[in-house]
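Undergrad: coordinates only, sequence not included:
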């Protein structure tokens, strides 16, 4: 429910509660039957309960939103810290990958395709990024695999990334 709608409904319910109270007051002095006054009192209390429920819900939502915004801000701060700390390592890794691609004697275009493959892009996505055809990318990937002696995308990724991950622990039986 939108914030303005919540306030409008709360205001309407409050007006109903006030009007019911005025009517109860008048009915009491006019000698109206007790059951009639009781029903109007119930209507007034239900309206006030609705106001309380809507206003309380609004403040809970506002508090929840504030917590989520702070959590998001904390995550962004943490991500920025991670980027700053890892920057030199990522740059070093990029340099070393570039050096290995040079040792494989790849062309500049093949190097660019290699980096895009390592980033996980598909041949179609690489073609779009580079403004070439999928067939051109396919030809370049085949040249990369031939020059490197690797059999495909997964071996290319494993060649550079496998040692970055900690070894799996063997479960003891």
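TA: That came through, no problem. None of these values were measured; they are calculated from a predicted model.

Undergrad: ok, the residue most central in space within the chain - contacts?
TA: Most central residue of the chain, judged by C-alpha distance to the mean C-alpha position with Cα atoms, centre = their mean, is residue 72 at 9.0 Å. By Cβ atoms under 8 Å, 6 or more residues apart in numbering, the contact set of residue 72 is empty. Just so you know, the C-beta spots here come from the backbone N, C-alpha and C atoms, and that holds for glycine as well.

Undergrad: low-confidence regions, the chain specifically.
TA: Filtered on pLDDT under 70, the chain yields the residue ranges 1-3, 170-173.

Undergrad: can you name the farthest residue from the center of it?
TA: For the chain, the C-alpha farthest from the mean C-alpha position belongs to residue 31; by Cα atoms, centre = their mean, that distance is 62.2 Å.

Undergrad: may I have the phi/psi pair for that residue?
TA: Taking degrees, to the nearest 10, you get phi 80, psi 30 for the backbone angles of residue 31.

Undergrad: so how far is residue 60 from the residue nearest to the centre of the chain?
TA: Distance from residue 72 to residue 60, counting by Cβ to Cβ, to the nearest Å: 18 Å.

Undergrad: repeat that for residue 50.
TA: As defined by Cβ to Cβ, residue 50 lies at a distance of 15 Å from residue 60.
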